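Novice: 3D, please:
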Amino acid sequence: LKKEKDMYSNLEKTIILKSVELFENIPGDVLSKIAQIASEVHLEPNQTLFKKDELGNSMYIIISGKITVHQNNEILTQLENGSFLGEMSLLDHKPRSADATSKDETILLEISQEGFYELLIKNPEIMRQIMKQLTHRIREMNIKLQNSPK
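Specialist: Below you'll find the predicted structure:
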């Protein structure tokens, strides 16, 4: 993983965060604080972001590119700009539930566990948005399971 702190300014990061569904209802001054604690991660095509069973201490927001989430050679989902991932390990303190690999050259914002919890305490709307997204993902997975050959 290549981390770069200064590619995007805090203002640019704030604007990017505002365009992400997870943060769309969060005030600009709070987004600015998130931007300050978020670091950039640059991935080359087919580079691993994290592996199943690793302990996770951060979540990621995709700025550009695509991430494939997979498990046992099966693609679970493809995530693109504005999507987030890695939040489950932060919420339940359990290892990562799947592998995540870049499909293309990808730029992400990484939010560490410490910063993440501070955000949740001060902004319950973020937790509501995460729960909404997790519920959506579970419903999609249920549909896939129902439609898979038995």
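
Novice: so how far is Leu108 from Glu140?
Specialist: 21 Å (CB to CB, to the nearest Å). (Glycine included, C-beta is placed from N, CA and C.)

Novice: just the element for the nearest residue in space to Asn25 that is not next to it in sequence, please.
Specialist: Leaving aside its sequence neighbours, Asn25 sits nearest to Glu125 (CB to CB, 6 or more residues apart in numbering; 5.1 Å). Using DSSP states H and E, the element containing Glu125 is helix 124-147.

Novice: for that helix, buried residues please.
Specialist: 126, 129-130 (16 or more other CB atoms under 10 Å).

Novice: check stretch 16-27 too.
Specialist: Neighbour counts over stretch 16-27 (16+ other CB under 10 Å) mark 16-17, 20, 22-23, 26 as buried.

Novice: who's in contact with the helix or strand hosting Leu17?
Specialist: Using DSSP H and E, Leu17 maps to helix 10-18. With CB atoms under 8 Å, 6 or more residues apart in numbering as the test, helix 10-18 has contacts from 8, 23-24, 26, 28, 31-32, 34-36, 38, 61, 63, 109.

Novice: restricting to C-alpha, output that helix in CSV.
Specialist: Extracted in CSV, the C-alpha atoms of helix 10-18 (Å, rounded to 0.1, in the frame of the first residue of the first chain):
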residue,chain,number,x,y,z
ASN,A,10,-8.3,19.1,2.8
LEU,A,11,-10.8,21.1,0.8
GLU,A,12,-10.7,18.6,-2.1
LYS,A,13,-11.1,15.7,0.3
THR,A,14,-14.1,17.5,1.9
ILE,A,15,-15.8,17.9,-1.4
ILE,A,16,-15.1,14.2,-2.3
LEU,A,17,-16.5,13.1,1.0
LYS,A,18,-19.7,15.2,0.5
